[in-house]
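Colleague: sequence plus the predicted model coming up.
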Amino acid sequence: LKALEHRELPPTLHIQTPSSRIPWSELNLQPVSELQAWRSQGKLRRAGLSAFGASGSNAHLIIEEAAEPAEPVASASDGRLSILALSAKNKEGLTHTVNTYSQFLGATEASLSDLCLSTNRHRDHFKHRVAFTVRSKEHAIELLNQFTADKPNLDIHTSRLEIKKDPRVAFVFGGQGSIYSGMSKELYQQQPIFANALDECCNILDGILDTSLLQLMHSENEEASRLLNGKAQYAQPALFSIQYALSKMWMALGVTPCAVAGHSLGEYAAACMAGVLSLKDALYMVAERGRLTDTLDDQGSMLVVFSTLENIAPLVQAHAARVSVAVINSENSIVLSGDKTALQTLSAQFQALKIETHPLAVTHAFHSPLMDPLLEELETFAKGLTYSEPTLAFFSSLSGKMLDARTNISANYWRRHYREPVLFAKALESLASAKPDLVIEIGPNPTLANLGQSQLNVTAWLPSLQRYKSDEVVVVNTIAKLYSFG
């Protein structure tokens, strides 16, 4: 190691006269008789170390010098977020480690990015943890000192408890209401794994759609926004593609889901990740679902009612031919869907009873009688797909139960899935049987977080992306939280 460090070859010990039995010239070898420069001849220097044990155990190690970087490593001044992950075997040790790093950062000339990389990748990670999301050395020192002083900060992520086991993580996929113009654009530019997976989806869809979905998603001009938010043929494939790419990103980062569940349209991505549908089949199905939806004459509307189903059922039943219960998010959050006029009448009746309501911004009245004209054609298309048994725990928002080998996932399933209510509350109740400790919401906006956290007993419900927030900030903070939880 010292020879590599100084790029010099020390003399070989105890050799005065080289053995005549070794053909030195033929082997192009020569014992080193005096200290000399170790010339590289344009190649990396390598050395072999051998150890021969008396009992017959032999070991040989080949070491190689580090290559010179092709270009300078970006310094912390580039403004990008880094994670500094520290850990110890106990609370006292963690405090000591944090103090040591605070002093070291103030004295070292090493870049913040180099320090974070070395610390995160090459140090052992113990059961007491803290992760800091930092932009500069000065910022890092400030956070380290705040942790020692027990001052809370949104950039300090720690459970302050000993990690007893590896946490179980569930992926929950949101519905169409989570999309917006420009979603994932920043992440696409910064995260190659996400970008490659999104490109994979868009390349398949380019042969189906009449415009580039990637350009439509990442453009923020008025026309692109109108198409993305107003046309199901673009909105639905866009959501699936982002959810697929986010899933691939999290899994590449080492997060393996113990279970998946989806809310309405989100169940297609959940089914794909569970192995029920191939990527190509899932994209074809979602694209056809969106295309058929846009052929409907009456788009209708949807309305959230903050009351129990039992309480509102008599009023809804009077409009049964035109309005359906579309979603049961929780005991006191019911979504109605159908004819606009009928929903306006119901909304007025609810307000008279002091029952709070809220209209949803959607392209169509999903899970309502207005979907009926497309169901036959949707099922016919779905019959051409291949279905497989789930390879991990997959919780259905159609039945509210876990789907397994005994469940007949077929074309009729997806027909019913588009027409019948989304039993999200029941799906969450069933998901509890998988015993997740954490949930990552897979989608461009964490629209299910409040609902999920109020019904599922988990340590944290974490976002993948969030509207009006930097993609980088959201993803890095979620990674830091995942580290702090184990």
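Modeller: Arrived safely, thanks for sending. Numbering: from 1, shown residues only.
Colleague: count the neighbours of S181 for me.
Modeller: Applying other C-beta atoms under 10 Å, we find 18 residues neighbouring S181. For every residue, glycine as well, the C-beta is placed using N, CA and C.
Colleague: list the contacts for it?
Modeller: Counting by C-beta atoms under 8 Å, 6 or more residues apart in numbering, S181 touches M217, S219, E220, A224, S225, L228, N229.
Colleague: and the residues you listed, which is the shakiest by pLDDT?
Modeller: The member of these with the lowest pLDDT is E220, at 78.
Colleague: got the phi and psi for the closest residue to P359 other than its chain neighbours?
Modeller: In space, and not counting its chain neighbours, P359 is closest to L303: 5.6 Å by C-beta to C-beta, 6 or more residues apart in numbering. Taking degrees, to the nearest 10, you get phi -140, psi 130 for the backbone angles of L303.
Colleague: chain center to the biggest helix by length in the chain: distance?
Modeller: Counting by DSSP state H, the longest helix found in the chain is helix 232-252. Relative to the centre of its chain, helix 232-252 is centred 10 Å away, using C-alpha atoms, centre = their mean, to the nearest Å.
Colleague: low-confidence regions, this structure specifically.
Modeller: By pLDDT under 70, the weakly predicted segments of the chain are 41-42, 68-79, 160-161, 405-407.
Colleague: what residue is smack in the middle of it?
Modeller: W250 (3.8 Å; C-alpha atoms, centre = their mean).
Colleague: buried sites along stretch 237-252?
Modeller: 237-250 (16 or more other C-beta atoms under 10 Å).
Colleague: unless I'm mixing things up, L315 is touching Q351, no?
Modeller: No: shown here, L315 and Q351 do not form a contact pair, counting by C-beta atoms under 8 Å, at 11.8 Å.
Colleague: quick one: which of those two has more around it?
Modeller: More crowded of L315 and Q351, by other C-beta under 10 Å: L315, with 17 against 11.
Colleague: for the stretch 251-400 of the chain, which segments count as strands?
Modeller: Under the criterion DSSP state E, counting those that start in this stretch, strands of the stretch 251-400 of the chain are mapped to 257-262, 301-305, 323-330, 333-338, 357-360, 393-395.
Colleague: who wins for proximity to P444 among those strands?
Modeller: strand 257-262 (14.6 Å; C-beta to C-beta).
Colleague: mind giving me the packing neighbours of the closest one?
Modeller: strand 169-173, helix 266-273, strand 393-395, helix 424-431 (3 or more C-beta pairs under 8 Å, 6 or more residues apart in numbering; DSSP states H and E).
Colleague: which strand residues bridge F132?
Modeller: Beta-bridge pairing of F132 under DSSP bridges involves L84, I156.
Colleague: and it, how far from P421?
Modeller: 44 Å (C-beta to C-beta, to the nearest Å).
Colleague: so the two - more neighbours on which side?
Modeller: F132 (25 against 21).
Colleague: my guess is the more buried one meets T158, correct?
Modeller: No: counting by C-beta under 8 Å, F132 sits too far from T158 to count as a contact (9.3 Å).
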